[in-house]
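# Next one to model:
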Amino acid sequence: MQQVINRKLYDTEQAEQVARYAPLTDRGDFNYLIETLYKTSDGEYFLHAEGGASTKWAEKISNQRTPGEVIQLLTDEEAVDWCEERSIDGEIVVEEFNDLIKQ
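Purely as a prediction, here's the structure:
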């Protein structure tokens, strides 16, 4: 997916995938959820999120909720929080955010 934010192109094909959270990947389910954390070549983090009609990523069209997809920019701290909230493997978190993790 590509999205322009603040006149800058964010592209999931060009960025490095850091971590993925996908507890339910059946796109036929209203609760399907796939979130992937990416890092750009200049060190910015963004989240590519897809979700079914019952998730926070759903789109509202008229009076109906439909599956949605979005790219959301994250600060370094927000990216660490995302990792913690989704129980991303500690080795990945420490390797990526060593300067923000107390050891």
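# Please identify the helix or strand for residue 30.
Per DSSP states H and E: residue 30 is located in neither a helix nor a strand.
# Over to residue 3?
Going by DSSP H and E, residue 3 is part of strand 2-5.
# where along this structure do the strands fall?
Here the chain has its strands, by DSSP state E, at 2-5, 8-11, 16-24, 33-39, 45-51, 59-61, 64-66, 68-74.
# Tell me which of the ones you listed sits nearest to residue 89.
strand 16-24 (7.7 Å; Cβ to Cβ). For the C-beta atoms, the positions are set from N, CA and C on the backbone; glycine is no exception.
# Can you list the buried residues in that closest one?
Residues of strand 16-24 classed as buried by neighbour count (16 or more other Cβ atoms under 10 Å): 18, 19, 21.
# other SSEs contacting the helix ranked longest in the chain?
The longest helix of the chain (DSSP state H) is helix 76-85. Helix 76-85 is packed against strand 33-39, strand 45-51, helix 90-97, with contacts defined by 3 or more Cβ pairs under 8 Å, 6 or more residues apart in numbering; DSSP states H and E.
# buried stuff in it?
79, 80, 82, 83.
# ok, now which ones touch the last one?
Translated: residue 83. By Cβ atoms under 8 Å, 6 or more residues apart in numbering, the contact set of residue 83 is 19, 37, 92, 93, 96, 97.
# Many thanks, we can stop here.
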